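**Student:** coords please:
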Amino acid sequence: MRLSRAVVTAAVVSLTAVGLPAATAEASPAAPERSVTDVVPAPVSAKADPRGEFKLTPFTVISADRGAGQVADYLRGLLRPATGYPLPVVPRSWGLPAISLQLGHDSRIGTEGYELKVARDGVSLKANTADGLFEGVQSLRQLLPSAIDAKRVQHRTWTVAGGTILDYPRFGERGAMLDVARHFFQPDQVKLYIDQIAQYKINTLHLHLADDQGWRIEIKSWPKLATVGGQTAAYGDPGGYYTQKQYKDIVAYAASRHITVIPEIDMPGHTNAAQSTYAELNCDGKAVPVRTDTEVGYSSLCISSPITYKFVDDVVRELAAITPGQYLHIGGDEAHATPPADYLTFQQKVQPIVAKYGKKVTGWHEIAKSELPVSAIPQYWDFGGDNESVAAAAARGNKILMSPANYAYLDMKYDESTPLGQDWAALVEVRDGYNWDPASLVMGVGEKQVAGVEAPLWTETIRSSNDIEYMAFPRLPGIAEIGWSPKSTHNWDAYRLRLAKQAPRWVTQGIDFYRSPQVDWK
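**Tutor:** All right, here's what the predicted structure looks like:
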C-alpha cells in the first residue's frame, strides 16, 4: 500500500486520536533485549551503538524504493499486530521517522547480502535485490523486543537496538527438508514451517513428496497415485495429498518468503506407494502390497520396462510445470533392491527427462555414481570422511549440498530420553548439530565445491506441527548459521549465548522448542 504524504499524516493523526497505543504507554524497560551482535545467524560484521536506538511510534512510516514494495508490505505485516501502529508504506519519508528499504548496487554484498543501519533518526536497510532486503528484515526483527511477534497489541515502548550490520551469506543454498511422505502435513502446517525457517535466512524448502508409505502430489496423468497411493502413512496413520492447486499455493507462499521449493520424487527405490497403486510399474505386472512400516531399501521400479520411463516422464513433466525453481530432486538413495548396473541405466535415462522439461537435477549423493551434468547437485547425507564418487563429482565441477545425518538430520534424538525421532545416525544435541564444517566434512570437497547446507526432517515419528518444532528448534538455527555466517564467526561458546536470547521470541511465537541443558535459556 503506497500512500501520499497528506493521506499518511491524516491517517496517523486519526488513529492516534482514537486511542492507538502510544510509544510511551505502559512502557517496558527501554533497553533492547538484543544487540546487533546477538543476531542469528551471525553477521559478517556488526557494531553496536547504544546511543543509536530507534523507537517505533504511531508516526513511523516504511519508505520503500521501487522494487522493494513486497518486502515492505511483509515488514509492515510483521510489525502492525503487536504495535497497532499504521506503519504505511510510502515512496519517501517526507521527514517522518522511517524504516527505509533501499535498492542499489554494493559489490560487497552480492544478491542476498544487505547493510543495516539503526540510528535515533531512522533505520536504513540497503541491498542489491529484494532477496537481500528480505534477509535484512530477518535481522532487523531480531533487534526489536520479542513481544513484536505477539498477535495482539502490546502497550510498550518499541525500541530497535542501534548499530550497523554488513552481511552476506557464506553459501548460496541454506535449506530445510520436510518429509511429508511418511506423515502428511496440511498446507497450512507447511506454511507455518516456512515462516519459522525464513527467520533464519533459509532460502530453500525441499519437500519429500513420495516414498514407500505414501504419495503426496496430484499427478493428473496417473490420478490414483494421489487418490489411492496418498491414503496411507507410516504406522497406518491417515494419509493425504496436495492437489496441484494446493502445491502451487505452497510454492507461491514460499516465494513470498523468498524461499524456493525443490520437490522430490524418490526413485528408483522408495517407490512402494506407487508400485502398490499401479501394477504395471512392477516387472511382473502385479501390484505389491501396501507398506506402512519404516523399513528401507526393498522397493525398486522396473528398470527394464518402457512403462517406467513413461511414468517418470509424466511425473516430471507435470511437476516441472508447477515448480518455478530450477531444480527437481530425483532421490536415488537406498536403492538396495536395484542392481548397480540397473541403477546407472536408470540414472542415464531419467536425468535427460528432467533436462527435457527445463529443470536441473539434484538428488541424494548416490546419484554421483552416474555421469552427472555439471549443473547437478548431489546431496551428501552420510557421516563424513571419504566418498570416492562424491569427491570425483566435485572434481568434475559439481557442487555438493551437505546434509550429514550425524549432524544435520533434525529427526535424530537429542539424547536417549527424547520421546520423538530416531538414533540410527547419532544422538545429536544442539552442540553436536552446530560443531561441524561443510568445507572439511568430505575428503576432496572444499569450500568452493560446497553448494550449501540442508537440514532434513524425516517424519517416521513426527505427526504434528508441535513435533516438527520440537525437533527443529533449536537445532535448525545452528544449521542456518553454518550455511550463512563466515567460518571465522563459528564458535560454540559465543553461539550458545546468542541462541539463548532467541528463546523469548520462540515463546511469543508459540514454538514448542527443546530446552537443551547445553544452553542457558533466557
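**Student:** low-scoring stretches of the stretch 301-450 of the chain, by residue?
**Tutor:** Low-confidence segments of the stretch 301-450 of the chain (pLDDT under 70): none present.
**Student:** All the helices of it, in order from the start?
**Tutor:** Counting by DSSP state H, counting those that start in this stretch, one finds helices in the stretch 301-450 of the chain at the ranges 306-321, 340-356, 388-396, 405-408, 430-434.
**Student:** Mind listing what's buried along the third one?
**Tutor:** Translated: helix 388-396. Using 16 or more other CB atoms under 10 Å as the test for burial, helix 388-396 gives 390-391, 393-394. For the C-beta atoms, the positions are set from N, CA and C on the backbone; glycine is no exception.
**Student:** re the thing from before, which one of the helices of the stretch 301-450 of the chain is the most hemmed in?
**Tutor:** helix 405-408 (a mean of 24; mean count of other CB atoms under 10 Å).
**Student:** Which other helices and strands does that one contact?
**Tutor:** Judged by 3 or more CB pairs under 8 Å, 6 or more residues apart in numbering; DSSP states H and E, helix 405-408 is in contact with helix 430-434, strand 450-457.
**Student:** Of all those, which one comes closest to Lys220?
**Tutor:** Lys220 lies closest, by CB to CB, to one member of the helices and strands packed on helix 405-408: strand 450-457, at 28.6 Å.
**Student:** which other residues reach the closest one?
**Tutor:** Here strand 450-457 makes contact (CB atoms under 8 Å, 6 or more residues apart in numbering) with 171-179, 204, 206, 208, 377, 379, 381, 399-403, 408-411, 438-439, 468, 471-472, 475-476, 479-480, 482-483.
**Student:** and if you look at stretch 399-406?
**Tutor:** Counting by CB under 8 Å, 6+ apart, stretch 399-406 makes contact with 173, 175, 177, 362, 365, 377-384, 390, 393-394, 408-409, 412, 425-426, 428, 432, 436, 438, 441-442, 445, 449-456, all of which sit outside it.
**Student:** Pull it out as CSV, backbone CA atoms only.
**Tutor:** The C-alpha trace of stretch 399-406 is given here as CSV (Å, rounded to 0.1, in the frame of the first residue of the first chain):
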residue,chain,number,x,y,z
LYS,A,399,28.6,-28.5,-6.3
ILE,A,400,27.8,-30.7,-3.2
LEU,A,401,24.9,-30.0,-0.8
MET,A,402,25.9,-31.0,2.7
SER,A,403,23.3,-32.8,5.0
PRO,A,404,25.3,-35.2,7.1
ALA,A,405,22.9,-37.4,9.0
ASN,A,406,25.0,-37.4,12.2
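**Student:** Okay, helices next: where are they in the stretch 151-300 of the chain?
**Tutor:** Using DSSP H, counting those that start in this stretch, the helices of the stretch 151-300 of the chain run over 187-198, 224-227, 244-256, 272-277.
**Student:** just checking, which of the ones you listed sits deepest inside the structure?
**Tutor:** Highest mean neighbour count among these (mean count of other CB under 10 Å): helix 272-277, with a mean of 25.
**Student:** From the contact counts, what lies against it?
**Tutor:** Under the contact criterion of 3+ CB pairs under 8 Å, 6+ apart, the helices and strands touching helix 272-277 comprise strand 210-211, strand 214-215, helix 224-227.
**Student:** if we can go back for a sec, filter the contacts of stretch 399-406 down to the buried ones.
**Tutor:** The neighbour-count test (16+ other CB under 10 Å) marks 173, 175, 177, 362, 365, 377-382, 384, 390, 393-394, 408-409, 412, 425-426, 428, 432, 436, 438, 441-442, 445, 449-456 as buried among these.
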